[in-house]
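Q: Okay, sequence plus prediction incoming.
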Protein chains: 2
Amino acid sequence: MGESVVAVTTQIFLIRHGESEWNSSRRYTGQRDVPLSDLGKEQAQRLAERLKDAGLAAVYTSPLRRARETAQAIGQLARVPVILEPGLKEIHHGLWEGLTAEQVSAQFPAEYALWRTQPHRVTMPQGESLAEVAARAEATWRRVVAEQRGSKIAVCSHDAVMRVLLLIALGLALEHFWKWGFGNASLTVIEARGDAANDFRLVCLNDTAHLAGVYSEYARQAL
Amino acid sequence: MGESVVAVTTQIFLIRHGESEWNSSRRYTGQRDVPLSDLGKEQAQRLAERLKDAGLAAVYTSPLRRARETAQAIGQLARVPVILEPGLKEIHHGLWEGLTAEQVSAQFPAEYALWRTQPHRVTMPQGESLAEVAARAEATWRRVVAEQRGSKIAVCSHDAVMRVLLLIALGLALEHFWKWGFGNASLTVIEARGDAANDFRLVCLNDTAHLAGVYSEYARQAL
């Protein structure tokens, strides 16, 4: 409160994709290109209905199918462009992709334990580290935010990338990776006011009011 | 995801009081004991309806009227005790109490500018610093969380105290005070699982799904 000038507000609606077919079987997906489940499609439609009159200028999305399908549902109802951004792809989980947490824990016990406790110190076997994800996601973020200053846009991505993006936007270190998480088709809003176009504040996190009746039990537990 | 043991979950519903009569006139309230406005009473009732079957064990609240009235609405519908905790009182804003931001900015320009940019370095004239608020709020928090391990409880408090409590729960420094904020009668959920009963994660922030139609314009702008 208390800003007496008319502020230019830049508002980002961070959106996690709807439930995928691997979310429902609780497997690490990473960069495998798994489509939305039927529940996920319904979740994307609900979110699109909620956002259709929100005044979005564009939807930026990871090109992976589960994100792209979610973004397209939103873009179609809001009648705005959907722009593919490879920097928003999920973390490459390497050899963990396709495995459940139980299987990863059995096959990669040391890496898995470190991932749960000090995620910023792990490089996925044959995959990425959080620092690598942060570098590509932050480059995309800064370019998009600079292009869209004063606008309201949606950014559709994945759990690990969104955890990292929120840390970057708030100026926090990667070691805080586990401090929050994102449900399927959830809405998180961050915004910058006035000249401080990179000084973002968290307006709401993990809002799923639009999903009443179309949660999965997985999504509830995954947070 | 991926925890294979049955976890003991401790869940805290952080609640900001409904709109007070001074919120609607945009004055610093601090420890002045201002009641809920009619809108604020309606907001509290909506929140109470939402939480009545949530399985709350108790409602802990700041003894200030605007918080206590909100907590009592919740406790009454959920049929659980309402416990007054002086450590949850709003920051003492000292000589700023009763003034608008414009008046504070005119009368205390240096302190006001510092408050907006480095809030952890300000002591309110004849009032408190954030470190003082953190000390009393954290003591209350640790005692309540220890008593209620494995339960689901509501904690009803004020914007500045909730900003500080969330920083404490997530292990972040007071300099991040402005990174988030809380609307009137909003719901923020944090939880700890398993043995790490003090390792809280943010489940959602500033959820106001229950307030459709009973927002104030002030509340929208204040975030």
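A: Received the coordinates, thanks. Just so we're clear, the structure is a prediction, and the values are computed from it rather than from any experiment.

Q: C-alpha only now, for contacts and for neighbours.
A: Will do.

Q: In chain A, where's the longest helix?
A: helix A:130-147 (DSSP state H).

Q: And that helix, what does it pack against?
A: helix A:159-170 (3 or more C-alpha pairs under 8 Å, 6 or more residues apart in numbering or on different chains; DSSP states H and E).

Q: Could you pull up the mean pLDDT of the helix it packs on?
A: For helix A:159-170, mean pLDDT is 97.

Q: Check the offset of the next helix or strand after that helix from the chain's centre.
A: Later in the chain than helix A:159-170, the nearest helix or strand by DSSP states H and E is strand A:187-193. Offset of strand A:187-193 from its chain centre (C-alpha atoms, centre = their mean, to the nearest Å): 13 Å.

Q: returning to what we had before: which residues sit against the longest helix of chain A?
A: Identification of contacts with helix A:130-147 by C-alpha atoms under 8 Å, 6 or more residues apart in numbering or on different chains yields A:10, A:85, A:87-88, A:91, A:119-123, A:161, A:164-165, A:168, A:174, A:198.

Q: CA atoms only: put that helix into CSV for me.
A: The C-alpha coordinates for helix A:130-147 follow below in CSV (Å, rounded to 0.1, in the frame of the first residue of the first chain):
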residue,chain,number,x,y,z
LEU,A,130,19.3,-27.1,-10.9
ALA,A,131,21.9,-24.5,-11.8
GLU,A,132,21.6,-25.5,-15.5
VAL,A,133,17.8,-25.3,-15.3
ALA,A,134,18.1,-21.9,-13.6
ALA,A,135,20.4,-20.6,-16.3
ARG,A,136,18.1,-21.4,-19.2
ALA,A,137,14.9,-20.6,-17.4
GLU,A,138,16.2,-17.2,-16.1
ALA,A,139,17.4,-16.2,-19.6
THR,A,140,13.9,-16.9,-21.0
TRP,A,141,12.2,-15.2,-18.0
ARG,A,142,14.3,-12.0,-18.3
ARG,A,143,13.7,-11.7,-22.0
VAL,A,144,9.9,-12.3,-21.8
VAL,A,145,9.5,-10.0,-18.8
ALA,A,146,11.4,-7.2,-20.6
GLU,A,147,9.3,-7.7,-23.7
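
Q: Tell me the buried residues in it?
A: A:L130, A:A131, A:V133, A:A134, A:A137, A:E138, A:T140, A:W141, A:V145 (16 or more other C-alpha atoms under 10 Å in any protein chain shown).

Q: okay, those in CSV with pLDDT and distance to A:L47 next?
A: Output for these, formatted as CSV (pLDDT from 0 to 100; distance: C-alpha to C-alpha, whole Å):
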residue, pLDDT, distance to A:L47
A:L130, 98, 28
A:A131, 98, 30
A:V133, 98, 26
A:A134, 98, 26
A:A137, 97, 23
A:E138, 96, 25
A:T140, 97, 23
A:W141, 95, 22
A:V145, 93, 22
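
Q: Can you add distance to B:R46 and give the residues you listed back as CSV?
A: Formatted as CSV, those follow (distance: C-alpha to C-alpha, whole Å):
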residue, distance to B:R46
A:L130, 41
A:A131, 43
A:V133, 41
A:A134, 40
A:A137, 39
A:E138, 39
A:T140, 40
A:W141, 37
A:V145, 36
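
Q: which two of those residues lie the greatest distance from each other?
A: Spatially, the most separated pair among the buried residues of helix A:130-147 is A:L130 and A:V145, at 21.2 Å (C-alpha to C-alpha).

Q: Is any residue of stretch A:83-103 near chain B?
A: Yes - with C-alpha under 8 Å from any C-alpha of the partner chain as the criterion, chain B is reached by stretch A:83-103 at A:T100, A:A101, A:E102.

Q: hey, where'd the helices end up in chain A?
A: Using DSSP H, the helices of chain A run over A:21-24, A:38-51, A:65-78, A:101-107, A:109-117, A:130-147, A:159-170, A:217-222.

Q: Count the residues that sit near the nearest residue to A:I190 once chain neighbours are set aside.
A: The shortest distance from A:I190 to any non-neighbouring residue, by C-alpha to C-alpha, 6 or more residues apart in numbering or on different chains, is to A:L202 (4.5 Å). As a burial measure, A:L202 scores 22 neighbours (other C-alpha atoms under 10 Å in any protein chain shown).

Q: Just list whatever residues bridge to A:L202.
A: The partner list for A:L202 in beta bridges (DSSP bridges) reads A:I190, B:W180.

Q: Format the residues of stretch A:83-103 next to chain B as a markdown table; extra columns: pLDDT.
A: Below are those laid out as a markdown table (pLDDT from 0 to 100):
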| residue | pLDDT |
| --- | --- |
| A:T100 | 94 |
| A:A101 | 92 |
| A:E102 | 94 |
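
Q: closest to chain B among the residues you listed?
A: Nearest to chain B among the residues of stretch A:83-103 next to chain B is A:A101, at 4.7 Å by C-alpha to the nearest C-alpha.

Q: So what's the residue count around that closest one?
A: For A:A101, the count of nearby residues is 18 (other C-alpha under 10 Å).

Q: Residue ranges in chain A under the pLDDT threshold?
A: For chain A, applying pLDDT under 70 flags the ranges A:1-7, A:194-198, A:213, A:215-223.

Q: on that earlier part again, winner for burial among the helices of chain A?
A: Highest mean neighbour count among the helices of chain A (mean count of other C-alpha atoms under 10 Å in any protein chain shown): helix A:65-78, with a mean of 24.

Q: thinking again about what came up before, columns distance to B:K179 on top of the helices of chain A, output as JSON lines?
A: Output for the helices of chain A, formatted as JSON lines (distance: least, C-alpha to C-alpha, whole Å):
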{"stretch": "helix A:21-24", "distance to B:K179": "31"}
{"stretch": "helix A:38-51", "distance to B:K179": "24"}
{"stretch": "helix A:65-78", "distance to B:K179": "27"}
{"stretch": "helix A:101-107", "distance to B:K179": "32"}
{"stretch": "helix A:109-117", "distance to B:K179": "24"}
{"stretch": "helix A:130-147", "distance to B:K179": "18"}
{"stretch": "helix A:159-170", "distance to B:K179": "7"}
{"stretch": "helix A:217-222", "distance to B:K179": "25"}
